[in-house]
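> Any chance you could fold what I've pasted below:
(chains A and B)
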2 protein chains.
Amino acid sequence: MDVSANKGDGAFVVGVDFGTLSARALVVRVSDGAEAGTAVSEYPHGVIDRVLDGHGELPPDWALQDPGDWTRALGEAVPAAVRDAGIDPAQVIGIATDFTASTCMPVRADGTPLCQRPGLAARPHAYPKLWKHHAAQAHADRINALAHERGEKWIHRYGGKISSEWQFAKALQVLDEDPEMYDQAERWIEAADWIIWQLCGAETRNACTAGYKGIYQDGSYPSREYLGALDPRFAGFAEEKLAHPISPLGDRAGGLTAAAAELTGLPEGIAVAVGNVDAHVTVPAAGPVTPGKMVAIMGTSTCHVMNGAGLAEVPGMCGAVDGGITAGLWGYEAGQSGVGDIFAWFTANAVPGSCEEEARRRGVPLPQLLDELAGALPAGGHGLVALDWAGGNRSVLVDGRLSGVIMGLTLATTAPEIYRALLESTAFGTRKIIETFDASGVPVTEFVVAGGLIKSKPLMQIYADVLRRPLSVIGSDLGGALGSAIHAAVAAGAYPDVPAAAEAMGRVSQDVYRPDPASADVYDELYAEYERLHDYFGRGENKAMYRLRAIRDRVLSGRPEGTS
Amino acid sequence: MDVSANKGDGAFVVGVDFGTLSARALVVRVSDGAEAGTAVSEYPHGVIDRVLDGHGELPPDWALQDPGDWTRALGEAVPAAVRDAGIDPAQVIGIATDFTASTCMPVRADGTPLCQRPGLAARPHAYPKLWKHHAAQAHADRINALAHERGEKWIHRYGGKISSEWQFAKALQVLDEDPEMYDQAERWIEAADWIIWQLCGAETRNACTAGYKGIYQDGSYPSREYLGALDPRFAGFAEEKLAHPISPLGDRAGGLTAAAAELTGLPEGIAVAVGNVDAHVTVPAAGPVTPGKMVAIMGTSTCHVMNGAGLAEVPGMCGAVDGGITAGLWGYEAGQSGVGDIFAWFTANAVPGSCEEEARRRGVPLPQLLDELAGALPAGGHGLVALDWAGGNRSVLVDGRLSGVIMGLTLATTAPEIYRALLESTAFGTRKIIETFDASGVPVTEFVVAGGLIKSKPLMQIYADVLRRPLSVIGSDLGGALGSAIHAAVAAGAYPDVPAAAEAMGRVSQDVYRPDPASADVYDELYAEYERLHDYFGRGENKAMYRLRAIRDRVLSGRPEGTS
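Just a heads-up that it's a prediction; the model follows:
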């Protein structure tokens, strides 16, 4: 960390980014967003997806977390980051957090997680369900089928599908499988809001998770009638366990309690901002907040977040939410379920030993070698096109049953060529999303990349060429935590609103990668092939991917054909 | 080699199998086909595909051979095989050979190869063009276009396409590029016939290569009018350089000359059979010769050869030739251009170091480990389907511009799973060929496998399951040489005809692999997916593979778009 001014000068804020395996605290100067110090706290329990102590093995697709790890992280990372910054804790005027989502949990009316109640530590449904808990698909299917059957309008704000990852599906699973835990849950709350409760002592509900993960649209949740039709016992779910005033992002949730002050080492009473989500909070960290500026947070998956001036129905979006990213604007979210994940899969499963040996000889990590070799190839020279669906397709097809394709293989095809085709396939997927926004009246005017993959220059250049537009790059490696810090500054009253704070504290390098016209021409041709395969396999003309998956599941479960 | 009877007893024959890199001689007992001794001779010049001494670099796709290597092999391998057999050379009553095809060459009227004439050693077009010389595609295209334009009937005997590998395309290339060599070529002859010329001192033309590689149908070659329309200088090609009485397979071409007797160490005057082709000659080596018995010679590529009782037009065949395999029957040939080649490509380019390490730890070669791992997987459990076109498609689509596809990839897909999908894809390709025969009135009643890939038990079981029929396996590892020996026995008069000799000397293990009904059911489903993709990409609905190849060629040749 490096602050040009004297670290003792001025006011600071703390942003805490709660990830899947750890939380990172960042101390940021209010005046200019300079990052003064940081620290990480790993969760001792990590992701609880195999065995729960005292209970034994969990079913497949489960993923829980221990909320004690989160409060512990506050007590560990925040003081360490302040020490790293070399400032006086008294200089900190506010704190804000962002969280994975939807990570949601059953709590008592006072905020106590059920899993922390006496006798419930071995009860799986008493725990927070991590975003990647995927055991509620059957419940999501019921939610979606009924919504379409009843013509619920809100379903179209979510690309026609509510994810199994979100609040309703997970709560319905609890009701189905452990009704006692459902009954004991006086509130059903996002971890994003629960962590704020721990800081300021009061329940709040932020506009982002309420809208994106809680189906809160136009001032209300799904109706009692709809919920009752899912299950009569579920009729009161929203009224009883969710309902609460919605807080705009950047609002002050309250003051830091004495207990939280002691935990974090920060001054009692300083501003605590309302909760937020890791992807959405990154937008102001990338500088000026304007409609049409899409920020792609590229990691294992990619999340595309963007403000729009008004509401439009964009096919295949994860959600359109009023104030979901920035108060006063419509927030749009789209995504690609596999990006870095696909590259990592290829690196681990399909790269010959000869490449690994070359990496060792040159003393570079294998991913870097692949990047270099693939980056040196000319666009279109491999004769390949791939579909980036090994992890399913989030946008714009919203279909987890799709799978990956590589075509154009010859006996001369090399591993770096296939790797390049996979890099390109994810760029084609992004182009499809951008073109869908553009065609739906929500034009994308600027494209900014954030997240771990910004380190790969060949990948960035491919994106610029495929998208035929310049790529800007966020000016921080810690976009989430910086975004939280910006919200803390607003909650503390240092700026009138998030856009003003973003202007002063956010950072972006404009047009770092520019499209090469010759490559872009080739990519127009390859994208046409991608689009054709995309529609052929993705829009129902050939449902081979569904059938192959069904055959696989039947074979692996040992069930004879025709039974279910 | 093992002969149960006293090796000194009875009569023997020698079969010589001329491959791409070496020739193998096999000494076989006439009475029962027992293999008594064998030896190999590598060609010193191998495949001349990069540099020709005295000339320099060859253009791409060229592949030549030195005929001196072939005569040298006769002098080396034959005596060595006889020594290995421990018999008296005087016991040998006949010799026969089989050759790669179409490997064809310009010679003088006395059989002297042009490349052996003074001053022509550095002249590329003076050399034999090996079967895999692929630089005459433009000439094949002209041949095909004109044949269809003029409605030449013979074109339908070849699946509608004459290959660039065959006699006419290669000769036309010589005329185009080196007319002086074309003029000096008094004869244009298959190596299969040229080698017989060296043994018996007289030119012969065998029915197999004349029919399959020389467009000899219904007693004649393509007409003077047709050839003249290709190029006026080419009008006399067939009459002047090819025409000669056609010899049925198994006929005596002549007696071993004194010079050849000295070269091979065999008795002067013994029977020399007419020439033959490596694949076709294998049919009698696999036991009784009956219509409907398909023999698949599976190696880097697969050649399917089968006798039919009558003539039918089978779409996508390499050729249907009267007496092309066995005199008196119609011989059918089909093929898959990449089989073992695809497995080798995968093994070299797409298997992670972790698999290589496991192979080392277990002390087995990597291909064997992959075979074991893939073989242990259940049919359909990987959720994948692949198209076996990385080397193009020979039958039934006859389209070298097609390419490979793998679909159904997920982040959990493993290398052995992909490998299994590739094994299966070649089985699906074989099923497509068999079903095409069946549907065309040339039913396949028995399926026998020969060639190097019979060693892979998992592959054989997959074929049995996919084809839903029992697999018989040839009883010799040296099917080509044994088939030649059988023809030598017939030429020597030991048997009345090839079927009689095959009955006594050929060997097949019946129904070694039987289909597993449950796997066969799953494969019916997967084959339906294969077929759908096969038709979608292979029959023109989506010509993406053509376009990807064209883009690749344009990019790699550095030519700007729109130029040719």
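> Outside of stretch A:424-439 itself, list whatever touches it.
A:294, A:296, A:302, A:304, A:306, A:314-316, A:332, A:334, A:336, A:338-339, A:342, A:385-388, A:393, A:395-396, A:443-444, A:447, A:459, A:462-463, A:465-467, A:523, A:526-527, A:530-531, A:534 (C-beta atoms under 8 Å, 6 or more residues apart in numbering or on different chains). Yep, even glycine has a C-beta here, placed from its N, CA and C like the rest.
> and those residues, which are buried?
A:294, A:296, A:302, A:304, A:306, A:314-316, A:332, A:334, A:336, A:338-339, A:342, A:385-388, A:393, A:395-396, A:444, A:447, A:459, A:462-463, A:465-467, A:523, A:526-527, A:530, A:534 (16 or more other C-beta atoms under 10 Å in any protein chain shown).
> Tell me which of the contacts of stretch A:424-439 fall in strands.
A:Met294, A:Ala296, A:Thr302, A:His304, A:Met306, A:Tyr332, A:Ala334, A:Gln336, A:Val385, A:Ala386, A:Leu387, A:Phe447 (DSSP state E).
> Specify the beta-bridge partners of the fifth one.
It refers to A:Met306. With DSSP bridges as the criterion, A:Met306 is bridged to A:Met294, A:Tyr332.
> Could you do the third one as well?
Judged by DSSP bridges, the bridge partners of A:Thr302 are A:Met298, A:Gln336.
> Could you double-check that it sits in contact with A:Gly335?
Yes - A:Thr302 lies in contact with A:Gly335 (C-beta atoms under 8 Å); the separation is 6.2 Å.
> so the strand or helix carrying A:Glu424 versus strand A:293-298, what angle?
Per DSSP states H and E: A:Glu424 is located in helix A:415-439. For helix A:415-439 against strand A:293-298, the angle by axes from the mean of the first three to the mean of the last three C-alpha atoms, to 10 degrees is 150 degrees.
> how about A:Asp53, what does it touch?
A:Asp53 touches A:Ala121, A:Ala122, counting by C-beta under 8 Å, 6+ apart.
> My error: substitute A:Ala185 in the last question.
So A:Ala185 contacts A:Pro106, A:Val107, A:Arg108, A:Leu114, A:Ala171, A:Val174, A:Lys241 (C-beta under 8 Å, 6+ apart).
> quick one: low-confidence ranges for the stretch 451-564 of chain A?
Scanning the stretch 451-564 of chain A for pLDDT under 70 picks out A:559-564.
> nope, chain A is what I was after
Within chain A, the segments meeting pLDDT under 70 span A:1-9, A:559-564.
> tell me the residue furthest from the middle of it?
A:Leu411 (39.2 Å; C-alpha atoms, centre = their mean).
> measure it to B:Gly391 for me?
Separation of A:Leu411 from B:Gly391 (C-beta to C-beta, to the nearest Å): 5 Å.
> what does A:Gly94 give?
Distance from A:Gly94 to B:Gly391, by C-beta to C-beta: 65 Å.
> Same question for A:Ser440.
44 Å.
> Give me the more crowded residue out of those two.
For A:Ser440 versus B:Gly391, neighbours defined as other C-beta atoms under 10 Å in any protein chain shown are more numerous around B:Gly391 (23 against 18).
> Which secondary structure element is home to that one?
Per DSSP H and E: nothing holds B:Gly391, as it lies in no helix or strand.
> quick one: contacts for the residue lying closest to it once chain neighbours are set aside?
Closest residue in space to B:Gly391, ignoring its immediate chain neighbours: B:Gly338 at 2.6 Å, by C-beta to C-beta, 6 or more residues apart in numbering or on different chains. The contact partners of B:Gly338, by C-beta under 8 Å, 6+ apart, come to A:Leu411, B:Thr300, B:Ser301, B:Trp345, B:Asp388, B:Trp389, B:Ala390, B:Gly391, B:Gly392, B:Thr426.
> Identify, from those, the entry nearest to A:His280.
Among the contacts of B:Gly338, B:Ala390 lies closest to A:His280 (C-beta to C-beta), at 44.3 Å.
> Looks like the closest one contacts B:Ser403 (just checking).
Yes - the pair B:Ala390 / B:Ser403 is scored as a contact, 6.5 Å apart, by C-beta under 8 Å.
> where do the contact lists of the two overlap?
A:Leu409, A:Thr410.
> A:Leu242 versus the residue nearest the centre of chain A, what's the distance?
Centrality entry for chain A: nearest residue to the mean C-alpha point is A:Ala279, 4.9 Å, by C-alpha atoms, centre = their mean. As for A:Ala279, its distance to A:Leu242 is 22 Å (criterion: C-beta to C-beta).
> Could you do A:Thr413 as well?
52 Å.
> same question, A:Asp17
25 Å.
> Next: A:His156.
From A:His156 to A:Leu242 the distance is 21 Å (C-beta to C-beta).
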